[in-house]
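Participant: fold the following and give me the result.
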Amino acid sequence: MKTLLQLNSSIFSTAGQSSQLADTFVSAWRASHGNGKVVLRDLAREPLPHLDGERFQAFLARPEDRTPAQKAAAELSDALIDEIKRADVVVIGLPMYNFGVPSTLKAYFDHIARAGLTFRYTDKGAEGLLRDKKAYVFATRGGKYLGTPVEHQAVFIKQFLNFVGIDEIEFIYAEGLAMGDASREAGLNDARRALKQLQERELTPISA
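Facilitator: The predicted structure follows:
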């Protein structure tokens with residue numbers, strides 16, 4: 001049985017355009033995986049704590065040395081790591097806020113980046129341990145940034161996912177959403193066309 005993990009990071013939860021594009025893909029994925037499982041993590045409805053000193057030390061400490069608060073922090077991180085380890089497919093709804101990723105998504109990344117669990121250091125550098133997964137990223141932006149010097153967001157997402165071992169990544173973009181009605185519709189239509197092509201290429205509906 002295949003498992004899909006959906007991460008929505010819009011501050012508007014399911015009302016966000018990135019969430020809605022991701023939902024469209026996930027619905028098609030369900031239709032093509034009759035016995036597939038979908039796990040949804042909505043980071044607006046259930047935000048994770050941001051990384052602080054005690055939480056970071058909890059990740060480093062031996063289990064027997066952790067304080068009760070550190071034990072709880074480590075257990076949350078362990079649960080998130082187990083969740084993504086079980087996933088065959090990862091879908092990320094990714095709005096752009098102030099040129100970067102939502103802070104809730106960064107907090108999620110901080111919880112799953114654990115040496116020895118999702119990556120390890122070798123004499124040849126870091127090696128990701130979350131292998132044999134594919135990620136689909138639905139990126140929505142108010143402006144137009146593709147191909148410009150300020151396109152930092154996609155670079156960061158690729159770098160992080162590669163770091164933990166996910167190197168098969170596909171992006172769908174909807175840009176210009178805050179540049180007037182015509183630009184918004186054009187950006188969403190571009191994304192819908194790309195999404196349709198993606199579904200036709202990679203998802204085969206199950207026959208009735």
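Participant: burial count for the spatially closest residue to residue 13 that is not a sequence neighbour?
Facilitator: Closest residue to residue 13 apart from its sequence neighbours, by Cβ to Cβ, 6 or more residues apart in numbering: residue 44 at 4.2 Å. Glycine gets a C-beta too; all of them are placed from N, C-alpha and C. Neighbour count of residue 44, defined by other Cβ atoms under 10 Å: 18.
Participant: quickly find the element holding residue 44.
Facilitator: Following DSSP states H and E, one finds residue 44 outside all helices and strands.
Participant: cool, the one 5 residues further on as well?
Facilitator: For residue 49, there is no enclosing helix or strand under DSSP H and E.
Participant: residues near it, how many?
Facilitator: Residue 49, neighbours per other Cβ under 10 Å, totals 11.
Participant: over to residue 16?
Facilitator: 23.
Participant: do residue 188 as well
Facilitator: Around residue 188 there are 18 other residues, counting by other Cβ under 10 Å.
Participant: strands of this structure, residue ranges please.
Facilitator: 3-8, 37-42, 89-95, 119-122, 125-128, 134-140, 168-174 (DSSP state E).
Participant: residue 71 and residue 58 touch, don't they?
Facilitator: Yes - the pair residue 71 / residue 58 is scored as a contact, 7.3 Å apart, by Cβ atoms under 8 Å.
Participant: those two: which is more packed in?
Facilitator: Shown here are residue 71 and residue 58; by other Cβ under 10 Å, residue 58 has more neighbours (22 against 15).
Participant: distance of the closest residue to that one other than its chain neighbours from residue 174?
Facilitator: Once flanking residues are discounted, residue 58 sits nearest to residue 70: 3.4 Å by Cβ to Cβ, 6+ apart. In this structure, residue 70 and residue 174 are 41 Å apart, going by Cβ to Cβ, to the nearest Å.
Participant: cool, residue 61 as well?
Facilitator: Distance from residue 61 to residue 174, by Cβ to Cβ: 42 Å.
Participant: still on that earlier bit, deepest of the strands of the chain, which one?
Facilitator: strand 89-95 (a mean of 25; mean count of other Cβ atoms under 10 Å).
Participant: given that strand, what are its sheet partners and their directions?
Facilitator: Using DSSP bridges, strand 89-95 pairs in its sheet with strand 3-8 (parallel), strand 134-140 (parallel).
Participant: could I get those in TSV, plus columns for distance to residue 51 and mean pLDDT?
Facilitator: Formatted as TSV, the strands paired with strand 89-95 follow (distance: least, Cβ to Cβ, whole Å; pLDDT from 0 to 100):
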stretch	distance to residue 51	mean pLDDT
strand 3-8	17	98
strand 134-140	22	98
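Participant: show me what the most centrally placed residue in the chain is bridged to.
Facilitator: Nearest to the mean C-alpha position of the chain, by Cα atoms, centre = their mean, lies residue 92 at 3.5 Å. As for beta bridges, residue 92 partners with residue 7, residue 137 under DSSP bridges.
Participant: relative to residue 144, how far out is it?
Facilitator: With distances taken as Cβ to Cβ, residue 92 is found 20 Å from residue 144.
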